[in-house]
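Visitor: quick one: sequence and predicted model below, then my questions.
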There are 2 protein chains.
Amino acid sequence: MSKHFLAFLLFSLISFSFQGQELPISSVSEDEVALDEIFKKCLSSSSVYPWLGEMCLEIGPRLSGSPQAEQAVDYSYDLMKNLGLNPEKQPVMVPHWVRGEPEKAEVTFTDGKTHQLHILSLGGSISTPEGGLTADIVEVNDWDELEQLGEKEVKGKVVFFNEAMNAENLYTFHSYGHCVKHRWGGAVEASKYGAVGAIVRSLSLRLDTFPHTGSMTYENAIDTLPAAAISTMDAELISEKLSAGESAKITWSQHCKTFDEVLSHNVIGEIKGKTHPEKIILLGGHLDSWDVGHGAHDDGAGVMQSLAVLELLQELNYEPNYTIRVVFFMNEENGLRGATEYARLAEQEGLEHVACIESDRGGFTPRGFYAEGNPTLVQRIIDLKPLLEKYGVHQLQEGGSGADIKLLQTDENVLIGFVPDSQRYFDHHHSANDTFDQVNKRELELGVGSITALVYMLDKYGLESK
Amino acid sequence: MSKHFLAFLLFSLISFSFQGQELPISSVSEDEVALDEIFKKCLSSSSVYPWLGEMCLEIGPRLSGSPQAEQAVDYSYDLMKNLGLNPEKQPVMVPHWVRGEPEKAEVTFTDGKTHQLHILSLGGSISTPEGGLTADIVEVNDWDELEQLGEKEVKGKVVFFNEAMNAENLYTFHSYGHCVKHRWGGAVEASKYGAVGAIVRSLSLRLDTFPHTGSMTYENAIDTLPAAAISTMDAELISEKLSAGESAKITWSQHCKTFDEVLSHNVIGEIKGKTHPEKIILLGGHLDSWDVGHGAHDDGAGVMQSLAVLELLQELNYEPNYTIRVVFFMNEENGLRGATEYARLAEQEGLEHVACIESDRGGFTPRGFYAEGNPTLVQRIIDLKPLLEKYGVHQLQEGGSGADIKLLQTDENVLIGFVPDSQRYFDHHHSANDTFDQVNKRELELGVGSITALVYMLDKYGLESK
């Protein structure tokens, strides 16, 4: 603990006694005083909101391989440099897929009426054939229904995967996890039965007109098909018409293209630890985003929160025992190349990551942390609940951490996912609605406070797993 | 417990065992099964969102005394009637203040440049003098600064109360509570020193262009002054210019008028209790709102959530032991007449309210409940924490309940305030930004689930205070 921070703690304790708090002074622990200060400071002096705003509004979305992604690399590097974090750009080759223009579709029903669809090609999709594609739509909810229809009902048609996210789950990611296979693998499955295209209901719990893109895949030896997402309201309309016995014919054109891979970068900065400089507490998220909206919640929020934790530790004059490293991973969305390359080099260099914390679930009001890995350390995080829950951080439990840090798992370390409230996440995720104005400043800042509080406690009380 | 509900519980238990849950069946309590079902149903079949939407979009804001307030009374009565709640309109006289048009102000600085202010008269204010008002602005942060300036510096000027809400408080209502005195009493204090008007910085934690209105007061024997709120960005601009040594002259006109009181109504419905029909668990919020925006969060959300709890209990075929009564109070914003009249009649009729739950803190994601009153019952609510926190309802603590139910407090009963996340509340409160589109459907629904869960537990385990 630095002398500045100690002086601040002493001052805080004195202030407490002068202000005539109800609690006797001895019951206000040093930790509580420190955490109170962390949460006050995150709400009053963090740069996380202007940083995110600048990246969203001046650079915009940052799909891997795009010029904007590299602008974001440079912008991030400069932020880290200004904070004195000795930044590094770690080279990594990434995919380069481009949506192309125009991208449009309409559907014509039995009565001849047409309806313009709100559509977005899925990431990685091929384009429609020259001149576009016109075909009947056949609706299914899952693989089983597709199999039951078989080639007879599917061949030459566009398969419409219409499984809605389950509204009944409190934690919306559970509903996402159940449906995402249709977006990821729908084109492959549809192709097996001779379909000419696949459209999926957007993965959102809201009824609106925003289509939500995301990654999809092809398999060798299976014919490739164009694939796209349509808005939930469009999905409802088509489904209603089909249920009423009408036919629905789609006229659809998209102009996606996959280019050669290009060079991109992870961006890394750190504060060296004074006691265990060789042991790393890693904080991070992904710098890339999809190519619509601003990538504000996914995952501009997460990278800027991670960086803002280091800013806040500096402001508190806190000198960490462990090295606190921030990593802005490139290409989480469509390749995970940044995380893979980071992990490869970390192993090659024998880096020791004692804890990794990922923020990639949006910039919403904090709820807690999910921890996985070494049981002793997982339990140590769960045990922080009594201290953290007064700040709204009450869900400290075993659970999945995050895609970018998962490859860093060892028997000795702990991987942690920051868990904000999930209710609004899929209103924005992968859509043109993921914009900076949809991020609440205080909710974003409280994420910084929550992660800083966790890092402070882990750093102070140590991360020995035995 | 009705046989339908029992059948559902049994079915649920069987389903649990069939689905191979990790927990042994004996550890899944009947309560947990019931609460799981409550939260599922609130997210999948509640009418709360369409009800709120209809009231906001088809009626709009509902200031006491306005035709819209009475339309909302009729709309609410019809909703309760359709649910079979045997509704009643309880007459009450309410104030009738009208903002008037046009309402505008601009400020001119030393260099002659003018800036249009985003301004809203405060509720209850008088109008500016015929032809408007032009005067120098003098800025203060609080009563002390005003006193120090004294009549010499204040006479003939417009006093600008610029205290900003404290961003450092996690719970935003604490910051509101500290500043609201300037809005409420600023005109009286400024008048004591000969000012000709009072403007206040809007009570919002965001920097934006929305002015936020709210109630103010006059005192007998103190000259009345016009009073208004300006947006936080306008407040920052004026303050910066004054700090830089410039003068700021306001040219301001507003046309408010107070008319004779008019007849309005509380709206009341209920499900009779089967064991203690004479004992009431009251749920409510206020039907009136300010006259800008939609009054969506304040407090359309609260009344529709309260009603939706009864709808959900009906859907579950749950037959309550106590009478579950919903009250839509009229005139919370500028008079509290509905609550006062309800309490007067309740006392006159000897009604026994064993618990009252108010929802008037916005339709945001639930955090918990504050309880006050009989210590045994307060503790019983706090003791529900282990059961409720898995649904995100983790803040069960002693605290203030709500303005509309406060008059119903006795030594034997408990008053409860529903506490959603407070971060975004003052972005909307009393402003044109309190619109239906700013309410997230799931967050609103989870409030219904949370209150229903509490009512279910209180009703089932009883509310004897000894």
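Guide: Yep, it's here.

Visitor: am I right that A:Arg367 sits in a strand?
Guide: Yes: note on A:Arg367: a strand contains this position according to DSSP: H, G, I helix; E, B strand; the rest coil.

Visitor: what's the neighbour count on the residue lying closest to A:Ser450 once chain neighbours are set aside?
Guide: Leaving aside its chain neighbours, A:Ser450 sits nearest to A:Pro366 (4.2 Å; criterion: CB to CB, 6 or more residues apart in numbering or on different chains). Backbone N, C-alpha and C define where each C-beta goes, glycine included. The number of residues packed around A:Pro366, counting by other CB atoms under 10 Å in any protein chain shown, is 29.

Visitor: partners of A:Pro366 in the sheet?
Guide: A:Pro420 (DSSP bridges).

Visitor: tell me the pLDDT at it?
Guide: Here the pLDDT value assigned to A:Pro366 is 98.

Visitor: from B:Gln438, how far off is it?
Guide: A:Pro366 sits 21 Å away from B:Gln438 when distances are taken as CB to CB, to the nearest Å.

Visitor: which intervals of the stretch 1-150 of chain A have sub-threshold pLDDT?
Guide: By pLDDT under 70, the low-scoring segments of the stretch 1-150 of chain A are A:1-28.

Visitor: mind listing the strands for it?
Guide: A:88-98, A:104-109, A:114-116, A:119-121, A:133-140 (DSSP state E, counting those that start in this stretch).

Visitor: reformat the ones you listed as a markdown table; add mean neighbour count.
Guide: Conversion of the strands of the stretch 1-150 of chain A to a markdown table gives the following (neighbours: other CB atoms under 10 Å in any protein chain shown):
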| stretch | mean neighbour count |
| --- | --- |
| strand A:88-98 | 18 |
| strand A:104-109 | 18 |
| strand A:114-116 | 12 |
| strand A:119-121 | 24 |
| strand A:133-140 | 18 |
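
Visitor: as CSV, those strands with distance to B:Gly400 would be great.
Guide: Below are the strands of the stretch 1-150 of chain A laid out as CSV (distance: least, CB to CB, whole Å):
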stretch, distance to B:Gly400
strand A:88-98, 52
strand A:104-109, 54
strand A:114-116, 51
strand A:119-121, 47
strand A:133-140, 52
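
Visitor: and the ones you listed as JSON lines, adding distance to chain B?
Guide: Compiled in JSON lines, those are given as follows (distance: least, CB to the nearest CB, whole Å):
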{"stretch": "strand A:88-98", "distance to chain B": "32"}
{"stretch": "strand A:104-109", "distance to chain B": "26"}
{"stretch": "strand A:114-116", "distance to chain B": "22"}
{"stretch": "strand A:119-121", "distance to chain B": "22"}
{"stretch": "strand A:133-140", "distance to chain B": "21"}
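
Visitor: pretty sure A:Ala301 contacts A:Gly363?
Guide: Yes: with contacts counted by CB atoms under 8 Å, A:Ala301 reaches A:Gly363, the gap being 3.1 Å.

Visitor: so what sits against both of those two?
Guide: Common contact partners of A:Ala301 and A:Gly363 (CB atoms under 8 Å, 6 or more residues apart in numbering or on different chains): A:52, A:439, A:444, A:447.

Visitor: out of those, which is nearest to chain B?
Guide: Checking the shared contacts of A:Ala301 and A:Gly363 against chain B by CB to the nearest CB gives A:Leu444 as the nearest, at 9.7 Å.

Visitor: so that closest one: helix, strand or coil?
Guide: Assigned by three-state DSSP, the conformation of A:Leu444 is helix.

Visitor: my understanding was that it contacts A:Val48; is that so?
Guide: Yes: between A:Leu444 and A:Val48 there is a contact at 5.7 Å, judged by CB under 8 Å.

Visitor: got the domain ranges for chain A?
Guide: Domain segmentation of chain A under automatic domain parsing yields A:3-96+A:261-461, A:100-255.

Visitor: out of these, deepest packed?
Guide: Mean neighbour count (mean count of other CB atoms under 10 Å in any protein chain shown) peaks for domain A:3-96+A:261-461 among those, with a mean of 21.

Visitor: would you quantify the distance from the residue nearest to the spatial centre of chain A to B:Val188?
Guide: In chain A, the residue lying closest to the centroid (CA atoms, centre = their mean) is A:Asp360, at 3.3 Å. In this view, A:Asp360 and B:Val188 are 52 Å apart by CB to CB.

Visitor: with A:Val33 instead?
Guide: Look at A:Val33 and B:Val188: by CB to CB, they are 39 Å apart.

Visitor: show me the contacts for the closest residue to chain B within the stretch 151-300 of chain A.
Guide: The nearest approach of the stretch 151-300 of chain A to chain B comes at A:Glu168, 4.1 Å away (CB to the nearest CB). Taking CB under 8 Å, 6+ apart as the contact definition, A:Glu168 lies against B:39-40, B:43-44.

Visitor: among those, which are in reach of chain A?
Guide: For chain A, the contacts drawn from the contacts of A:Glu168 by CB under 8 Å from any CB of the partner chain are B:39-40, B:43-44.

Visitor: ok so, going back, which ones are touching the residue nearest to the centre of chain A?
Guide: For A:Asp360, the residues meeting the contact criterion (CB under 8 Å, 6+ apart) are A:285-286, A:298-299, A:302, A:332, A:402-404, A:417.

Visitor: what about the residues you listed, which are in helices?
Guide: Helix and strand membership here follows DSSP state H; of the contacts of A:Asp360, those in helices are A:Gly302.

Visitor: tell me the spacing between whichever residue of the stretch 251-400 of chain A sits closest to chain B and B:Ile451.
Guide: Going by CB to the nearest CB, chain B is nearest to A:His394 of the stretch 251-400 of chain A, at 4.3 Å. A:His394 is 19 Å from B:Ile451, where distance means CB to CB.

Visitor: get me the contact residues on chain A for chain B.
Guide: By CB under 8 Å from any CB, the part of chain A that sits against chain B consists of A:39-40, A:43-44, A:167-170, A:172, A:205-206, A:365, A:367, A:389, A:391-392, A:394-395, A:421, A:423-424, A:427, A:440-443, A:446.

Visitor: hmm, try it at 7 Å
Guide: A:39-40, A:43-44, A:167-168, A:170, A:205-206, A:365, A:367, A:389, A:391-392, A:394, A:421, A:423-424, A:440-443 (CB under 7 Å from any CB of the partner chain).

Visitor: let's see which of these end up in helices.
Guide: The helices, defined by DSSP H, take in A:39-40, A:43-44, A:441-443 from the residues of chain A next to chain B.

Visitor: what residues are up against the residue nearest to A:Leu117 when sequence neighbours are not counted?
Guide: Distances taken as CB to CB, 6+ apart put A:Ala105 closest to A:Leu117, at 4.3 Å, once the chain neighbours are dropped. A:Ala105 sits next to A:117, A:119, A:250-252 when contact means CB atoms under 7 Å, 6 or more residues apart in numbering or on different chains.
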